[in-house]
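Colleague: sharing a model that was predicted from the sequence below.
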Amino acid sequence: MPIVGFGLYFALAIFCAVHVVRTGQPMYWLMILFAFPIVGSLVYFVAVYLPNSRLRRNALKAVSAAANALDPQREVRAARVAFEETPTAQNHMRLAAALLEVGEAPAAAQAYEACLAGPFARDPAIRFGAARACVECRRYDDALRHLEPLRREQPDFRPEPVALLIARALAGTARTAEARAEFAEAEARFGTYEAKAEYAIWAYAIGDRVTAQRLHAELEKIATRWNPLARELNGPAQRRLQAARELAGKQG
């Protein structure tokens with residue numbers, strides 16, 4: 001039994017040593033791990049591995065999500081206080097993002113556009129945030145005013161989200177043929193769940209059942225391969241897709 005126990009501690013030391021090498025930790029950890037395989041491994045696991053592990057990140061994410069569910073305005077209040085105390089562009093951006101996250105799209109759009117009035121007028125993240133907010137409050141022409149120059153001038157900036165926002169904005173302005181082409185190109189180029197879902201949502205909305213059903217079948221096949229993290233990340237798109245499908249069913 002003592003031999004088995006020591007073997008387990010040695011295996012833990014090997015595991016930690018591999019982590020040291022793969023993550024570029026200081027090499028003195030290797031000496032500690034093999035000079036003191038029991039204590040050294042436990043110290044490394046608690047001090048280095050656990051704080052950077054997916055387990056901890058997921059736990060923090062779960063705690064943050066729970067806190068936001070209990071108090072959705074918490075980040076908005078914190079961001080507003082930070083901006084009032086230090087009215088920098090970064091704090092203004094934080095406030096705009098927090099407002100958008102809780103569904104206050106008009107206020108978010110106003111905050112983003114205030115940022116664009118200053119020296120950050122060409123900042124791609126601010127332009128993108130302003131466009132997102134405009135789409136959410138159905139100011140589709142304004143969204144295109146932000147998005148089209150952004151894609152033309154900085155084509156490598158978040159190409160998929162930009163393409164999908166442009167498609168949604170085109171759909172909002174009743175430019176159906178252009179919207180279809182944009183959705184189809186995004187689906188073909190990126191092939192992600194989000195790209196297919198946004199295309200399907202739009203197809204349901206305009207009554208294109210052939211396209212919608214084809215995409216829905218592909219999306220269900222993709223969803224069967226999800227791990228819990230992928231399911232969480234794609235949850236909002238999945239819920240919007242389900243709502244669009246249900247609405248189309250009631251109307252059809």
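Modeller: Arrived safely, thanks for sending.
Colleague: where does Gln242 sit: helix, strand or coil?
Modeller: At Gln242, secondary structure determined by DSSP: H, G, I helix; E, B strand; the rest coil is helix.
Colleague: and Leu170, by the same measure?
Modeller: With three-state DSSP as the criterion, Leu170 was assigned helix.
Colleague: helix or strand right after the lowest-mean-pLDDT helix or strand in the chain?
Modeller: Taking mean pLDDT, DSSP states H and E as the measure, the helix or strand of the chain with the lowest value is helix 54-70, at a mean of 50. Read in the C-terminal direction, the helix or strand following helix 54-70 is helix 74-85, with elements assigned using DSSP states H and E.
Colleague: show me how far that following helix is from its chain's centre.
Modeller: Taking the mean of its C-alpha atoms, helix 74-85 sits 22 Å from the chain's own mean (C-alpha atoms, centre = their mean, to the nearest Å).
Colleague: got the CA positions of it in PDB?
Modeller: Taking C-alpha atoms only, helix 74-85 is exported to PDB below (Å, rounded to 0.1, in the frame of the first residue of the first chain):
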ATOM      1  CA  ARG A  74     -24.600  45.200 -11.000                       C
ATOM      2  CA  GLU A  75     -22.000  45.700 -13.800                       C
ATOM      3  CA  VAL A  76     -24.000  48.800 -15.100                       C
ATOM      4  CA  ARG A  77     -23.800  50.400 -11.700                       C
ATOM      5  CA  ALA A  78     -20.100  49.600 -11.400                       C
ATOM      6  CA  ALA A  79     -19.300  50.900 -14.900                       C
ATOM      7  CA  ARG A  80     -21.300  54.100 -14.300                       C
ATOM      8  CA  VAL A  81     -19.400  54.800 -11.100                       C
ATOM      9  CA  ALA A  82     -16.100  54.100 -12.700                       C
ATOM     10  CA  PHE A  83     -17.000  56.500 -15.600                       C
ATOM     11  CA  GLU A  84     -18.200  59.200 -13.300                       C
ATOM     12  CA  GLU A  85     -15.000  59.000 -11.200                       C
END
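Colleague: tell me the average confidence for that helix?
Modeller: Across helix 74-85, pLDDT averages out at 90.
Colleague: likewise stretch 193-207?
Modeller: The average of the pLDDT scores along stretch 193-207 is 95.
Colleague: check which residues of it are buried.
Modeller: Buried residues in stretch 193-207, counted by 16 or more other C-beta atoms under 10 Å: Tyr193, Glu194, Ala195, Lys196, Ala197, Glu198, Tyr199, Ala200, Ile201, Trp202, Ala203, Tyr204. Just so you know, the C-beta spots here come from the backbone N, C-alpha and C atoms, and that holds for glycine as well.
Colleague: over to stretch 79-95?
Modeller: By neighbour count, and taking 16+ other C-beta under 10 Å as the criterion, the buried residues in stretch 79-95 are Ala79, Arg80, Ala82, Phe83, Ala89, Asn91, His92, Met93, Arg94, Leu95.
Colleague: leaving out chain neighbours, which residue sits closest to the second one?
Modeller: The shortest distance from Arg80 to any non-neighbouring residue, by C-beta to C-beta, 6 or more residues apart in numbering, is to Leu95 (5.8 Å).
Colleague: please list all residues in contact with the one you found.
Modeller: For Leu95, the residues meeting the contact criterion (C-beta atoms under 8 Å, 6 or more residues apart in numbering) are Val76, Ala79, Arg80, Ala82, Phe83, Ala111.
Colleague: what's the closest non-adjacent residue to the fifth one?
Modeller: Excluding its sequence neighbours, the residue lying closest to Phe83 (C-beta to C-beta, 6+ apart) is Asn91, at 4.2 Å.
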